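Asks: predicted model and sequence follow; I will ask about them next.
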Amino acid sequence: MPTPISNFSLEQKIGQIMLVGFDGTTLAPDLRDTLAQLHIGGVIYYDRNIASPNQVAQLNRELQTLMRANGDAPLFITIDQEGGIVARLKEEKGFTEFPSQMAVAATNDLANARRIAEALSAEMLALGFNMDLTPDLDVNNNANNPIIGTRAFSSDPQRVAEYGVAYIRAMQAAGMLAVAKHFPGHGDTATDSHVALSSVPHDRARLEAVEFVPFKAAMRAPVAGIMSAHITFPAIDPTPGLAGTLSSKVLTDLLRGEMQYAGLVMTDELTMGAIAASGYPAPRAAVAALQAGADVLLFQTGYAMHRQAHQAIGEALQRGEVSLARLEQAVERVWRAKAQFGILEDRGEKINPARVGTPELKTLSRAVAAQAITLLRDDARRVPIQPGAKLLVIETGNYGIGAALGATTLRVNAQPVAREIAGAVSAARDHNLVIVATTDVAKNRAQADLVAALIETNTPTIIVATRSPYDCVHLPAAPTYLATYGNTPPMLDALIAILTGNAQPRGRLPVELPGFYKLGEGM
């Protein structure tokens, strides 16, 4: 279907490349006016926009009806629904939660990647979404990475590529536009780009051997969209402080030129700290990203900011800072993607919230979760828990593990203070087995002090890493160690089944744990 560029006003062209966040759970007047007056091309949902399957389905119908009535193309309606810790659609609100990407890779079964991607896509399509900002193709080879972690499939580039391509093909075959992220690679960083700008300082040979591998595979799939990273890559663009999102050397010379990628290039969210701290407020960042080669500009909520960004792009065009040809190239790619995935058609009849959160979807999710739990060490043979054990569960979050096991539960802060550690040691004296549910020990080092205090008193202890298997690196003396790759309902249900002996731990570690475990290990 040809792009009707000649029929678009300049305002429509600018609006088509903007994908915006919004407030509330309804089509409120401010949202309606922003979408219609700026001719916006897409919206993104966050937690604040979600109340129930019926609410989401109804809002998505209304959004598309509005744009059609306004004479604009239907919207990209997208969300970050990766599975694991990045999931906006939660079971507590009636949706299905799925295992993280690392959990799926831990099953060591590529068919599970396809099953999860198909199920996730089916649920989202039934709600009226047409784009998902997944899979994450970062190679997570930095144990101190604070933002990727279990969002990645593996620390092995080939495994990330293999599982990522399986996700992409299954999603897109179902009719869901997939967006791989974060190009050229966010895995080897120790800084969260939501907060500050970081760098991947490796030379080009290393980038080719590691970071680029999954993205090149995704391009061959071919993936419909690729999201940029707010990170500097000196080997590609040595400009100090210039994030990949704003670099023509990254987006145009490398991604378009060398790698010959023809799909959508999308920015990560343009109000994130990494961009703002570099002197690029969202309107200025929008101009720079478009000039660098981005086709879709992603914004958080802020209707006044959306208008400022729209105006800034128009003024940059008038000044000749950005060419009309560059804008029209981006609009053509947006239109082509919408045509390819049937978004230009009326898909209202396919929206059916009754197909969301079904027993079948939840059964599938839990079946994959059960295959992912990894027993990395059990020197004292404490798994499964022996009947009649007097059990104490110490939780660093409200996980419900103790309640599910009928055990005494002690909840401590993520960063337990000395008083809490002493209380835990005291409580452990009245029990013959303690389970400690850890959460991101790299950031919460006092949890390591808690575990060490228990082990020093010879308290029989099981460690459960409820989010990241990298906790093990900081707990070298733990004699029994389980990794769940997330604390969502499917993973916690699977954990309980293994602890009680109703299931066997089958997972295999999909990442290297420096100095402790190699990829593929598990008992």
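Replies: Yes, it's here.
Asks: now stretch 297-311: how far from the chain's centre is it?
Replies: Remark: stretch 297-311 is offset 23 Å from the chain centroid, using C-alpha atoms, centre = their mean, to the nearest Å.
Asks: what's the average pLDDT for it?
Replies: In this model, stretch 297-311 carries a mean pLDDT of 97.
Asks: next: stretch 84-103.
Replies: 96.
Asks: what residues of that stretch count as buried?
Replies: For stretch 84-103, the neighbour count (16 or more other C-beta atoms under 10 Å) marks 84-89, 94-103 as buried. Where C-beta positions appear, they are placed from N, C-alpha and C, glycine not excepted.
Asks: tell me the one of those residues nearest Leu450?
Replies: Ile85 (22.1 Å; C-beta to C-beta).
Asks: from Pro214, how far off is the closest residue to the closest one other than its chain neighbours?
Replies: Residue nearest to Ile85 in three dimensions, not counting chain neighbours: Gly486, with 6.1 Å by C-beta to C-beta, 6 or more residues apart in numbering. Taking C-beta to C-beta, to the nearest Å as the measure, Gly486 falls 21 Å from Pro214.
Asks: pLDDT weak spots in the chain?
Replies: Counting by pLDDT under 70, the chain has low-confidence residues at 1-3, 190-193, 523.
Asks: who's sitting farthest from the centroid in it?
Replies: Taking C-alpha atoms, centre = their mean, the residue of the chain most remote from its mean C-alpha position is Asp430, at 41.2 Å.
Asks: give me the secondary structure label for the closest residue to Phe95 other than its chain neighbours.
Replies: What sits nearest to Phe95 in space, not counting adjacent residues and going by C-beta to C-beta, 6+ apart, is Leu89, at 3.6 Å. Secondary structure, DSSP: H, G, I helix; E, B strand; the rest coil: Leu89 is coil.
Asks: all strands of the stretch 401-523 of the chain, in order?
Replies: Taking DSSP state E, counting those that start in this stretch as the test, the strands found in the stretch 401-523 of the chain are 408-411, 433-438, 461-465, 480-483.
Asks: redo those strands as a markdown table? Include mean neighbour count and distance to Val139.
Replies: Below are the strands of the stretch 401-523 of the chain laid out as a markdown table (neighbours: other C-beta atoms under 10 Å; distance: least, C-beta to C-beta, whole Å):
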| stretch | mean neighbour count | distance to Val139 |
| --- | --- | --- |
| strand 408-411 | 17 | 35 |
| strand 433-438 | 26 | 24 |
| strand 461-465 | 25 | 20 |
| strand 480-483 | 27 | 19 |
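Asks: could you check how far the closest residue in space to Asn141 that isn't next to it in sequence is from Glu208?
Replies: Excluding the flanking residues, the one nearest Asn141 by C-beta to C-beta, 6+ apart is Ser155, at 4.3 Å. To Glu208, Ser155 is 17 Å away according to C-beta to C-beta.
Asks: looking at these two, which is more packed in?
Replies: Ranked by neighbour count (other C-beta atoms under 10 Å), Ser155 and Glu208 place Ser155 first, with 23 against 13.
Asks: was I right to think the more buried one contacts Leu513?
Replies: No. The criterion here is C-beta atoms under 8 Å, and Ser155 misses it with Leu513 at 9.1 Å.
Asks: before we move on, the earlier item: adding distance to Asp109, write the strands of the stretch 401-523 of the chain out as CSV.
Replies: Output for the strands of the stretch 401-523 of the chain, formatted as CSV (distance: least, C-beta to C-beta, whole Å):
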stretch, distance to Asp109
strand 408-411, 34
strand 433-438, 26
strand 461-465, 21
strand 480-483, 17
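Asks: tally of neighbours for the residue nearest to Ile85?
Replies: Neighbourhood size, Gly486 [other C-beta under 10 Å]: 30.
Asks: check the gap between it and Leu10 for me.
Replies: Distance from Gly486 to Leu10, by C-beta to C-beta: 45 Å.
Asks: show me where the stretch 251-400 of the chain has helices.
Replies: 273-276, 282-292, 303-319, 324-340, 359-372 (DSSP state H, counting those that start in this stretch).
Asks: which of the ones you listed sits most buried?
Replies: helix 282-292 (a mean of 25; mean count of other C-beta atoms under 10 Å).
Asks: which other helices and strands does that one contact?
Replies: Applying 3 or more C-beta pairs under 8 Å, 6 or more residues apart in numbering; DSSP states H and E, one finds that helix 282-292 makes contact with helix 273-276, strand 297-299, helix 303-319, helix 324-340.
Asks: ok, 10 Å please
Replies: Applying 3 or more C-beta pairs under 10 Å, 6 or more residues apart in numbering; DSSP states H and E, one finds that helix 282-292 contacts helix 248, strand 264-266, helix 273-276, strand 297-299, helix 303-319, helix 324-340.
Asks: residues in contact with the third one?
Replies: Pointing back at helix 273-276 there. Here helix 273-276 makes contact (C-beta atoms under 10 Å, 6 or more residues apart in numbering) with 191-198, 229-232, 241, 243-246, 267-270, 280-282, 284-285, 288-289.
Asks: just to revisit the earlier point, right, and the helices of the stretch 251-400 of the chain - which one's nearest Arg467?
Replies: Among those, the nearest to Arg467 by C-beta to C-beta is helix 359-372 (13.3 Å).
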